[in-house]
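J.: Test case, fold it:
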Amino acid sequence: MKGQVRSFWGAPTGIATIGLIGIVGYFVITEHRQHVFDAVPFLLLGVCVLMHVFMHGGHRHGVHGKKEDSEPFSDDYQRGLRDGIEQARSTNTGENHDAN
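T.: Below you'll find the predicted structure:
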């Protein structure tokens, strides 16, 4: 255990933090239940906005004039799309011959 690094939540400070959050949460819910329930719709909207802002990091917004913008889909996606179209054509062609 000498070389291992403990996470914050496993350390005594983290355990005390979890306990403090639990105690504060309990008293907020029991003593201020109506205020908490009144704020839930606004908290949900705030979470949606924050998720929208922070989860768009991989969309390459703001990168203009590069090759990635001219080809919106990856090579693997385009290859899979071509394979799917070819497979659908061969399946449809096979079904048409069986129907006639």
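J.: Average pLDDT for whichever strand or helix holds residue 81, rounded please.
T.: If you go by DSSP states H and E, residue 81 is part of helix 75-99. For helix 75-99, the mean pLDDT works out to 78.
J.: do the same with stretch 29-45
T.: Mean predicted confidence for stretch 29-45 is 90.
J.: which outside residues touch it?
T.: residue 28 (C-beta atoms under 8 Å, 6 or more residues apart in numbering). Bear in mind the C-beta positions are built from the backbone N, C-alpha and C, glycine included.
J.: returning to what we had before: check which helices and strands the helix holding residue 81 is in contact with.
T.: Secondary-structure packing of helix 75-99 (3 or more C-beta pairs under 8 Å, 6 or more residues apart in numbering; DSSP states H and E): no helix or strand packs against it.
J.: just how off-centre is it within its chain?
T.: Relative to its parent chain, helix 75-99 has a centroid offset of 32 Å by C-alpha atoms, centre = their mean, to the nearest Å.
J.: Make 13 the starting number, not 1.
T.: Got it, the first residue is 13 from now on, which makes the last one we talked about helix 87-111.
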